[in-house]
Each structure stands twice: as structure tokens, then as C-alpha cells.
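In: Return a 3D structure for these sequence lines:
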Amino acid sequence: MFVRRVARSRSARLLTAAALTAVLVTGGVAITEASTPTEGTVSSTATSTSWTGGPFLVPNVTAQATGLPDCTAPQSCDDFTLHVSTPAGYGDTHQLRIQVGWPNTAADFDVYLLDTAGNEVASAASSSDPEVVLTAPTSGTYTVRVVPFAPVGQSYSATASLVTKPAAPPPGTEPRPGFATYTAPSSFTDANNAGEPSIGTNFGSHATLYQAYLSTYKVTFDDSVTPARATWSDVSAKAANGCLVGSTRSLDPILFTDHQTGRTFESQLSGVNSLTCYTDDDGATWHPSTGGGIPSGVDHQTIGGGSYASSGIGPLPGSTYPHAVYYCSQDIATAFCAASHDGGTTFGNGVPTYSLLDCGGLHGHVKVAPDGTAYLPNKGCGENAAVVTSTDNGGSWTVHKIPGSSASDADPSVGVGANGTVYVGYVGADGRPGVAVSRDKGATWTDNQVLGSEFGIQNAVFPAAVAGDDDRAAVAFIGTPTGGNYQDTANFKGEWHLYVSTTYDGGHTWQTSDATPNDPVQRGSICTGGTTCGNDRNLLDFIDATIDDHGRVEVGFADGCIGACVTDPTHTSGAGPADAQAAYATIARQSTGRTMFSAFDPQPNLTLTSATVTKAKAQLSDKIVVTNTGGASVAGFQVQVTDNGKQVALLSAGPLAKGASVTLTATWKPTSGSHTVVTTVDPTNAVAESDETDNKRSTVVK
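Out: Take a look at the predicted model:
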């Protein structure tokens, strides 16, 4: 039975066959050399130093059990003394970068940066080659510890350097969206067991589905009130509603909803495959699936789907389901993706997406573009994050690295716009959230930048990306302005919130909202070290994001700080009280601002509040009051006045903010007789308004 605090991450790696062979050949006796040289210095005037070490034959995997490697055995770790000397304020614009690489990518080394007391300052312990540490360039003496996790006889080369931080463009000027949070009823099974949540929306029924471990919740929102009112119901898959394997056991939960078809999949990892069912009526009834393809990975499964690509295998004969469905999971040295061509009822063979020579670490959630291109993000392909793509319905896969990104503990996430623009949210090796954009299916990347600078975010975990119109996207993440080693249970005191960064100009600029400004998501450390975390493991490996049929961003996350923890800073994670070790099922839903669909943008509404026509001294005057009763400002507009069908005035006004009014006056000399004066705001309909019926008035003057 799955236990919530046992999860998989970079520290849950297994030895390759080559590494195991090395242990047997050497009989467990390591033959290594000390680093050459044994120490070096970097400063603002001498910014780089290099060293080498090895060869290494015997693996040291002790960090999987302890979090830090055990170096008591002779030559089981290789230490280099690094002296850093920088002036005050240097870290505002610079970072310390440590890179360790080796020739054979089948090998694996880990890197730990320790202070003089032996505390971990930063680390890079993934399967990436090279491993990269990015941290603050604080003056002091450090130990750079290189650990041969799976050395395969390799030597390493290392460089420590002081580098300039990439300059981020200024935040966007668009008003930041607002968010409201909604929590599952406490009576629900698994309401406080949502460490790895996933979320989806059915555009047809307007329902949101949320997965919390073995439980599936349906949420409907009443937008006739502000903020919207949420209604939760438990629609978990089980034998009674058609899913014989539902809500029984799991190593990993995942949920995916196809927006267009409304089909939702609920998958529970079972080891070599998954226990999966799907529903077409938001959980009222469920139907069995084979779960995934064989061969299949043993860890970290994901399900996604969307349109078929123009090449590759299409729907099976007789299938009426219009979309392809993908099941992907990782193994020790690769990941497999299997495609279903009958709506997820059955899956074909698993196809390798990459090998250990290409990528390592965990992959994120598979997403499918409108043209059928499938994207599987990976946190570490060499020194970069990457996306692995298929343009032939899962028949083959290609790795596309993201230049300028760096590998970290966090799974990247992909959002794909309506015309195929790809947005990848990731966390860099320095712990800060970032984003990059591709407009050619991952071949090239632009607008690579840091997110959250408005809040001074120094550490982030669990990026979740989503897109709507091609130029609109959002990246959610849990972040904190506190720097340092966020996995240090004893010493890290950061306060974490859920943040959502949005772009409305194709990723050129972003603005960030604090979606939980009065309610920390976590206090203290967040461990992303998998099975080494001990009690510091209430939040697991990811959160999730989706959009509803109006383009509102919805983020499914686990709230790790509830009850007294919300107001009491002494209630922290790790060995803290239960309210600081929560994993409560929560949704942050957009409540204000522009959504991911421009069709639902707030519009101005030019209301002709009054038009008072008076006659005096052989003149007619029309005193006009126009009020913008809509939800957005207007740059400018015109008002036309006609007398017996003849235009006598055309007035210009603006800008006019929402809620504001302006008074205009038109005066003219009339002919004799009766006059029908018609006042019309925006006579040519040049301004798109939320209501076009309140722009005209007619007055008769004799």
C-alpha cells in the first residue's frame, strides 16, 4: 500500500548494471585519487578555478538513505576546498556556479557544497551530466564534495566560477489576476492526503476534477456570486460505480481530463503498470482501462491526450474517440510512452522516449498540442531542462534541450497555446523559477527568464504550466523570498506561498500574483529528496494547473500549513506539529483579471447616462453624460448628435476609466419647427463593449 510520505525523486535512483558490475569486480575496494589540486580560490578579480578527480570504481549510494553521503569509507568521497572572496553586495548581480562533468554519460556523480560546519549549502544530485550547482557567492571557505554515485570507472572535471546573473526583463504592466482558494470538505477521505494533486476541467459540463491520492473529487463553481461559490462531491472510482480496481492501492496517483471530450482518467501506479479507469460523466460512472503499455516504467506515471498528429497511427478501426491518449512512466535508465488509439481503453507497446545517455531524473506531465505534437518535459538532459517530443502519435520521440535553463530537483511543466506556442516552466539549479518559450516545437527557444522577481523569489518548487490563446500562459509554483538551502530542516525558516505568473504577450513579459497572500502553503523546509526526507515529506513531487472554459486559471495544490500554522511562525515543517505537516486538498481559482482566453476579457461599456436637450436664445444645447459601466477602460470614443436626422455635432472624449463619467455639451442653431434630437455614443461601433444597447437616446423639442 502506498504511504504518502514515501515518494520518488532524484534521490530514489537505482544503480545501473555497469555500476553494479564495478562493485563486484573490485570487491568493494575503491581505487581513487584525491582531487588535483586540493583547493582553490574564486574572487571578484579571479573568477574561476578548476580541478579534477578520479578515476572512481566503487559507487557510493549512501545519500539515498541519509540525505547526505556517508564518507567514512576510504576514498568514498572526493573533497575540494573552495575559498570565496567577494565584496558586499556582489551577490545581488552574481552567482557561484560549480560544474562537475565526466566523459561517459552512463556514469553518475553527485555534488554537495558544505560550509565549515559541514552543513549542506547547496547540492546537485540528479542524473544529469554535468551536474551544476548555482548558489549565492557569499565569502567564506567551503568544501565541494564530489560523490561517485555510479562512477563506472570515470574521472571528473570540475570548475567553480563567479558568473553574472541573467538579467530579467521588467514585469509586465497588465494588472495581476486575483485568486480565491477553495478547500475540500474535511469529511472527505484523503482531504488531508493530497501530497501529489492533479486537476482537470471539463469544458462541456464546466466541472473541475481533483485527484487526492485514491480519491477523486468533483467541484462545480457558481460564478453568479463573487468570489465564486464551490460545491464539492466525492466521485472516486470504485467497484460500485464501474471501476473494480479503483480506490484500492497506489504508488502514485494521477488524473487527466481532456477539455474537449470531457473524458477523465484516474490512474494509480501499481509497479509495472497502473490501475486506471475513465469517466465520461464527471465520475458518476467509471470504465476500466488496461492502464498503460508494456514495457512500462516503474515510477512517476503521467497520462495526457489530445488531437492526433497528421503522421503516425490514427484511431483504431471502429473507435469513435477523436483523440490520442498517452501513458508515460520512467524506469531506471529511460522512460516509456505508450499510445492508446481507442480512447484509453487499451494501450499499445511502450516506446522509449530517451535513454540514460540523453536524460536522467524525473519527467513531468505529458501534454498534447492542437496539431497533435506530444510534449514530455524532463528536468535534466545534460545540464539543461528539456522537452521530449513526438510528432507521429507516439511512434518516435526527440529530445530538445532548453539553452539557458539548468537541471534541478523540480519537474518542468509544459503549457501549449492554441496555435502551438510552447511554454515550459522550470526551476533552475539556483532554486529560482524560470520559463522559456518555443514557437517551433522545441527546436529553438526564446524569452528565457526568471519569474517572481516582483516578490524577490529565491527558492521555488513544483512549477505547473498551462496556456490558452497562443499568446497567453500561466506558470504556477510554490515559492519563497528566503534564500539558502530550502531542504535544511533544522535551519531553513522560509515562508512559502503559491504564486502564479501570467503572460499576455507571448512570453515576452510576465507578472506574478501571490495566490495565497494571507495563508502560507508551508513554513520551514520543503524536502525534494524523496526517500531521504524522513518526516519532512508532506509535500511530495508536484502540483498541477488547468484552465476552465472561460480561461480562468485553476491550480490544484496541497496546503501544507493549516490551522494554527497559518498564523504561528513557530509551527514549521519537519518535526513540527501536524498542522505544519498537512497536505490538504486545495484549489486556487482565478477570480479577477484577464483570463487565458481573450474572448472573455473585461470590456468597457459606454452608457449614455443622460442627454438633456434645452432651448434658449435661438440655440439648442445637449448636455451629455457618459459613464463607463464596464470592466475595462477605454482609450477614446465619439458622441454624435443629430437634429431631425442631420448631424449637428461630433464630439470626441477619452480616455475613460471603468466607473468614471464625463460630461460633454453640444450647441447649435436650429431651424424652425419641431426637433428630434438623437444622441449616440460610439456611433460607428469603434469600441467593443459589453452592452451595445445603452448608447442612444432620442429627445423631441418643440
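
In: now residue 489: how far from residue 536?
Out: Using CB to CB, to the nearest Å, we find residue 489 at a distance of 5 Å from residue 536. Any C-beta I mention is one placed from the backbone N, CA and C, and that applies to glycine too.

In: which neighbours do those two share?
Out: Common contact partners of residue 489 and residue 536 (CB atoms under 8 Å, 6 or more residues apart in numbering): 525, 527, 573, 574, 575.

In: How much space separates the second one from residue 541?
Out: In this case it means residue 527. Counting by CB to CB, the gap from residue 527 to residue 541 is 11 Å.

In: could you pull out the strands for the stretch 351-500 of the chain?
Out: Here the stretch 351-500 of the chain has its strands, by DSSP state E, counting those that start in this stretch, at 351-355, 360-363, 367-368, 374-381, 384-390, 398-401, 413-416, 422-427, 433-438, 446-450, 459-467, 473-480, 495-503.

In: Now distance to residue 57 too, for the ones you listed, in TSV please.
Out: Formatted as TSV, the strands of the stretch 351-500 of the chain follow (distance: least, CB to CB, whole Å):
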stretch	distance to residue 57
strand 351-355	23
strand 360-363	21
strand 367-368	41
strand 374-381	24
strand 384-390	29
strand 398-401	30
strand 413-416	38
strand 422-427	33
strand 433-438	37
strand 446-450	39
strand 459-467	35
strand 473-480	40
strand 495-503	41
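
In: Kindly give the local confidence score, pLDDT, for the spatially closest residue to residue 85 that is not a sequence neighbour.
Out: Nearest residue to residue 85, sequence neighbours excluded (CB to CB, 6 or more residues apart in numbering): residue 43, at 4.2 Å. Residue 43 is assigned 97 on the pLDDT scale.

In: what residue lies at the spatial centre of the protein?
Out: The structure's the chain has its C-alpha centroid closest to residue 464; by CA atoms, centre = their mean the separation is 1.5 Å.

In: and that one, what is it in contact with?
Out: So residue 464 contacts 413, 425, 475, 476, 477, 542, 543, 544, 545, 555 (CB under 8 Å, 6+ apart).

In: For these, which entry has the maximal number of neighbours?
Out: When neighbours are counted by other CB atoms under 10 Å, residue 477 leads these with 34 neighbours.

In: Do I have it right that it meets residue 451?
Out: Yes. Contact criterion CB atoms under 8 Å: residue 477 and residue 451 qualify, at 7.3 Å.

In: Find residues that contact each of those two.
Out: By CB under 8 Å, 6+ apart, residue 477 and residue 451 have these common neighbours: 425, 433, 460, 499, 501.

In: farthest pair in the contacts of residue 464?
Out: Farthest apart among those by CB to CB are 475 and 542. That separation is 13.1 Å.

In: so what's in contact with those two at the same time?
Out: Counting by CB under 8 Å, 6+ apart, the residues touching both residue 475 and residue 542 are 413, 464.

In: what residue ranges in the stretch 451-600 of the chain score low on pLDDT?
Out: For the stretch 451-600 of the chain, the stretches flagged by pLDDT under 70 are 531-532, 534.

In: no, scratch that, I was asking about the chain
Out: 1-33, 332, 361, 531-532, 534.

In: So it: which segments form each domain?
Out: Domain assignment for the chain by automatic domain parsing gives 17-164, 171-187+402-600, 606-701.

In: Distance from the first one to the middle of the chain?
Out: Computed by CA atoms, centre = their mean, to the nearest Å, the chain-centroid distance of domain 17-164 equals 30 Å.

In: again with the last one
Out: Centre-to-centre, domain 606-701 and its host chain are 48 Å apart (CA atoms, centre = their mean).

In: Span of it from start to end?
Out: Taking CA to CA, to the nearest Å, the first and last residues of domain 606-701 lie 25 Å apart.

In: Equivalent analysis for stretch 368-376, please.
Out: Using CA to CA, the two ends of stretch 368-376 sit 9 Å apart.

In: What sits closest to the residue nearest to the centre of the chain if chain neighbours are left out?
Out: residue 545 (3.9 Å).

In: repeat for residue 628
Out: residue 656 is the one closest to residue 628 (CB to CB, 6+ apart), at 4.7 Å.

In: Strands of the stretch 601-702 of the chain, residue ranges please.
Out: Using DSSP E, counting those that start in this stretch, strands in the stretch 601-702 of the chain cover 606-616, 619-628, 637-643, 646-653, 661-668, 675-681, 696-701.

In: May I see those strands organised as TSV, with distance to residue 563 and mean neighbour count added?
Out: Below are the strands of the stretch 601-702 of the chain laid out as TSV (distance: least, CB to CB, whole Å; neighbours: other CB atoms under 10 Å):
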stretch	distance to residue 563	mean neighbour count
strand 606-616	47	17
strand 619-628	44	19
strand 637-643	52	21
strand 646-653	54	14
strand 661-668	47	16
strand 675-681	53	21
strand 696-701	57	14
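
In: Can you say which of the ones you listed is nearest to residue 183?
Out: Among the strands of the stretch 601-702 of the chain, strand 619-628 comes nearest to residue 183, with 36.7 Å by CB to CB.

In: Okay, now the sheet partners of that closest one, with direction.
Out: Applying DSSP bridges, strand 619-628 is found paired with strand 606-616 (antiparallel), strand 661-668 (antiparallel).

In: what about residue 579, which SS state?
Out: helix (DSSP: H, G, I helix; E, B strand; the rest coil).
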